[in-house]
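Undergrad: just need the structure, nothing else, for what follows:
(chains A and B)
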Amino acid sequence: MIAALGVAELKLLARNKMAATMAFVMPLAVGVSFALSMGDDQWPMVIGLQLLATLGFTVYVTVTTALVARRQDLYLKRLRTGAASDAVVLAGVLLPPVMLGLAQTVLLLGVSFALGAPAPSRPDLLALAVVGGLAVSGAAGVATSGITATAEQAQVTTGPFFFGLLVGGVWAAATPDARALLTPGGGVADLVAGAWGAPVALGPAVLSVLAWTALAAALSVRLFRWDART
Amino acid sequence: MIDVTGLRCRYGDFEAVRGIDLEVRQGELFALLGTNGAGKTTVMEALEGLRAPSGGRVRVLGVDPRRDRAAIRERTGIVLQHSGFPPDLTVLEMVRLWRRGTPADALERLDLAHRRDVRIKQLSGGERRRLDLLLATLGRPELLFLDEPTTGLDPESRQRTWQVVRELLAEGTTVVLTTHYLEEAETLAHRLAILHEGVVRVSGALVDVLAAQPARISFDLPDRLDVGVLPMLAGDVVHEPSGRVHVRTRELQDDLELLLGWARRDGLRLTRLRAHHASLEDVFHAARGAA
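TA: Numbering: from 1, shown residues only, chains lettered A, B, ... in the order given. Here you go, the predicted structure:
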């Protein structure tokens, strides 16, 4: 059932030009431009920013927009009248953007390696950054959908977290300022930097990602709605 | 099939449903009637397991529909008040999402086969409602909830929906229906309840509910005759200034016979004569008036 819902969700995503552009084109375009414009000794920063852009566009914004659009169409309510449990319904809608985000991350890593990025010395930290980043942006998307009345309004409501993700990432990658870990992107960027051997404090970085995930998940439970906002 | 006692539902400070009892028996069509805002859809959502009651007890197919939603989903079909279709899926994609491996010819039952590859956003209102009904009945449910299934449909589509509902009833399906159309309930329902402001005002078998209201006779009294010339009738007589006379009576046949005999003896023509037992509309207005 999750697979069937996921396939339907992918079709809906692909058939909506605006959402499809955000999810398929934007992160790849931004990611490739990072790789071409920076590169050389800044590869960890490039890869960190590629990951954060993918998390922002493909996962966070897409999850928010999709959940709001499906909720306002009363599709989510309809799905609850069918055989699937609430968890399955939610997973079915969340899975495509999350899997798409993962696929794009892998693709962009391939692009960076092809352009000369060195292999990471700690690939486990890179994996941790990807998994943690997917979790925090997916959960944040669920939470943000709850305070977003229409799919159009998502362009505004996704702003703050998206900003925190990218700017926090740049901040953490560019300076050793520990306050960057207070942003949702700081921990992810530090983990990516650590994967390429940068002397970052791993404990606080992991803690930051965990705390943001827990916060986003708690807010999701409080804010998420199945029925249309009127 | 359904047993409800003392059901209450609130939205914030507003109590939409204020303690109602309902019983729906196997194989019957139970109609839930009421004006907009009477609480029909709220009750339906509580029965469907989509809404947590603020009080009372709800049992559907023997279980709590909210806690054991998964257990009853295989045995129930639901047509919500608003379809909730994703506009960019095609008809066949939606049907297959709803029930995997559904053969394409299943669409013929509700005359949607020729629309199978059309996106849902391009369907007419009637086609959407038929798709709704098709999805709800794909699994041959024992219990079917229909929340205003014919609102906005043209008469032909409405007739077709009624036909499908009758076939389901004949196969033994139990149906809970809400509708704005009283003639729809009068045509289909075995038993009914009329909600007004969150409470049940009238409930029972359709025949009993109708029999509880007096029958009506009305006609124009000729030549400005005074109402005093009428024979003694069992019912109450109201004479409008326009000359029209209304009789509300529990003895329709006797009173009609007296009236017609009197008219014939005096050589009078009673124009615009109507005589009928109470309709659901009369019951409905009486129920609202009892506020």
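Undergrad: hmm, who's touching stretch B:59-77?
TA: A:80-83, A:85, B:1-4, B:46-52, B:58, B:135-139, B:141-145 (C-beta atoms under 8 Å, 6 or more residues apart in numbering or on different chains). The C-beta positions use only the backbone N, C-alpha and C, and glycine is treated the same way.
Undergrad: could you dump it to PDB, C-alpha only?
TA: The C-alpha coordinates for stretch B:59-77 follow below in PDB (Å, rounded to 0.1, in the frame of the first residue of the first chain):
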ATOM      1  CA  ARG B  59     -20.200   0.900  18.200                       C
ATOM      2  CA  VAL B  60     -19.900   0.100  14.500                       C
ATOM      3  CA  LEU B  61     -19.900  -3.600  13.500                       C
ATOM      4  CA  GLY B  62     -19.300  -4.300  17.200                       C
ATOM      5  CA  VAL B  63     -16.200  -2.200  17.700                       C
ATOM      6  CA  ASP B  64     -15.100   1.400  18.400                       C
ATOM      7  CA  PRO B  65     -14.700   2.800  14.900                       C
ATOM      8  CA  ARG B  66     -12.000   5.200  15.900                       C
ATOM      9  CA  ARG B  67      -9.800   2.800  17.900                       C
ATOM     10  CA  ASP B  68     -10.400  -0.200  15.600                       C
ATOM     11  CA  ARG B  69     -10.500   1.700  12.300                       C
ATOM     12  CA  ALA B  70      -8.400  -0.900  10.600                       C
ATOM     13  CA  ALA B  71     -10.700  -3.700  11.700                       C
ATOM     14  CA  ILE B  72     -13.800  -2.200  10.100                       C
ATOM     15  CA  ARG B  73     -12.300  -0.700   7.000                       C
ATOM     16  CA  GLU B  74     -12.400  -3.900   5.000                       C
ATOM     17  CA  ARG B  75     -16.100  -4.200   5.800                       C
ATOM     18  CA  THR B  76     -17.200  -0.600   5.200                       C
ATOM     19  CA  GLY B  77     -17.400   1.800   2.300                       C
END
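Undergrad: tell me the mean pLDDT over it?
TA: Mean per-residue pLDDT for stretch B:59-77: 92.
Undergrad: cool, stretch A:44-60 as well?
TA: Stretch A:44-60 comes out at a mean pLDDT of 94.
Undergrad: ditto for stretch A:13-33
TA: Stretch A:13-33 comes out at a mean pLDDT of 88.
Undergrad: contact partners of that stretch?
TA: Against stretch A:13-33 from outside (C-beta under 8 Å, 6+ apart): A:49-50, A:53-54, A:56-58, A:61-62, A:65-66, A:69, A:96-97, A:100-101, A:104, A:107-108, A:111, B:88.
Undergrad: among the residues you listed, name the buried ones.
TA: A:49-50, A:53-54, A:56-58, A:61-62, A:65-66, A:69, A:96-97, A:100-101, A:104, A:107-108, A:111, B:88 (16 or more other C-beta atoms under 10 Å in any protein chain shown).
Undergrad: which residue would you name as the spatial centre of the chain?
TA: Defaulting to chain A. Centroid-nearest residue in chain A: A:L55, 2.5 Å away (criterion: C-alpha atoms, centre = their mean).
Undergrad: my question was about chain B
TA: Mean-position check on chain B, C-alpha atoms, centre = their mean. Result B:A185 at 3.6 Å.
Undergrad: report the contact partners of it.
TA: B:A185 touches B:A31, B:L33, B:L177, B:T179, B:L192, B:L206, B:L280, counting by C-beta under 8 Å, 6+ apart.
Undergrad: other SSEs contacting the helix or strand encompassing the second one?
TA: Using DSSP states H and E, B:L33 sits within strand B:29-34. The elements that strand B:29-34 packs onto, with contact taken as 3 or more C-beta pairs under 8 Å, 6 or more residues apart in numbering or on different chains; DSSP states H and E, are strand B:14-24, helix B:40-48, strand B:174-178, helix B:182-188, strand B:191-196.
Undergrad: just the C-alpha atoms of the first one, please, in PDB.
TA: What follows is the C-alpha trace of strand B:14-24 in PDB, where atoms were taken according to Å, rounded to 0.1, in the frame of the first residue of the first chain:
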ATOM      1  CA  PHE B  14     -19.300  24.800  20.000                       C
ATOM      2  CA  GLU B  15     -21.100  21.600  20.700                       C
ATOM      3  CA  ALA B  16     -22.300  20.400  17.300                       C
ATOM      4  CA  VAL B  17     -23.800  17.100  18.500                       C
ATOM      5  CA  ARG B  18     -25.500  17.200  21.900                       C
ATOM      6  CA  GLY B  19     -26.200  13.700  23.100                       C
ATOM      7  CA  ILE B  20     -27.800  11.500  20.500                       C
ATOM      8  CA  ASP B  21     -28.800   7.900  20.300                       C
ATOM      9  CA  LEU B  22     -29.000   5.900  17.100                       C
ATOM     10  CA  GLU B  23     -29.400   2.300  16.100                       C
ATOM     11  CA  VAL B  24     -28.900   1.000  12.600                       C
END
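Undergrad: just for the chain, where's the confidence low?
TA: Going with chain A. Along chain A, the parts satisfying pLDDT under 70 run over A:39.
Undergrad: please go with chain B instead
TA: Chain B contains residues with pLDDT under 70 at B:290-291.
Undergrad: where along it do the strands fall?
TA: Remark: strands assigned in chain B by DSSP state E are B:2-11, B:14-24, B:29-34, B:55-60, B:76-79, B:143-147, B:174-178, B:191-196, B:199-205, B:215-220, B:236-239, B:244-249, B:271-276.
Undergrad: distance to A:V156 added to those strands, as JSON lines?
TA: As requested, the strands of chain B are exported to JSON lines (distance: least, C-beta to C-beta, whole Å):
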{"stretch": "strand B:2-11", "distance to A:V156": "27"}
{"stretch": "strand B:14-24", "distance to A:V156": "30"}
{"stretch": "strand B:29-34", "distance to A:V156": "39"}
{"stretch": "strand B:55-60", "distance to A:V156": "39"}
{"stretch": "strand B:76-79", "distance to A:V156": "34"}
{"stretch": "strand B:143-147", "distance to A:V156": "34"}
{"stretch": "strand B:174-178", "distance to A:V156": "37"}
{"stretch": "strand B:191-196", "distance to A:V156": "40"}
{"stretch": "strand B:199-205", "distance to A:V156": "43"}
{"stretch": "strand B:215-220", "distance to A:V156": "59"}
{"stretch": "strand B:236-239", "distance to A:V156": "62"}
{"stretch": "strand B:244-249", "distance to A:V156": "61"}
{"stretch": "strand B:271-276", "distance to A:V156": "59"}
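Undergrad: nearest to A:V7, of those strands?
TA: Across those, A:V7 has its closest neighbour in strand B:76-79 (23.0 Å, C-beta to C-beta).
Undergrad: flag every residue of chain A that's near chain B.
TA: A:4-5, A:8, A:11-12, A:15-16, A:70, A:73-83, A:85, A:226 (C-beta under 8 Å from any C-beta of the partner chain).
Undergrad: so who does A:L100 touch?
TA: Taking C-beta under 8 Å, 6+ apart as the test, what A:L100 contacts is A:A23, A:F24, A:T58, A:V59, A:T62.
Undergrad: what do you get if the cut-off is 7 Å, keeping everything else the same?
TA: With contact set as C-beta atoms under 7 Å, 6 or more residues apart in numbering or on different chains, A:L100 has these partners: A:A23, A:T58.
Undergrad: again with B:G27
TA: B:G172, B:T174.
Undergrad: and it, backbone torsions?
TA: Here is the backbone geometry of B:G27 (degrees, to the nearest 10): phi 80, psi 0.
Undergrad: from B:Q253, how far out is it?
TA: 33 Å (C-beta to C-beta, to the nearest Å).
Undergrad: next: A:R122.
TA: Counting by C-beta to C-beta, the separation of A:R122 from B:Q253 is 95 Å.
Undergrad: nearest spatial neighbour of the residue nearest to the centre of chain B, skipping sequence neighbours?
TA: Nearest non-adjacent residue to B:A185, counting by C-beta to C-beta, 6 or more residues apart in numbering or on different chains: B:A31, 4.0 Å away.
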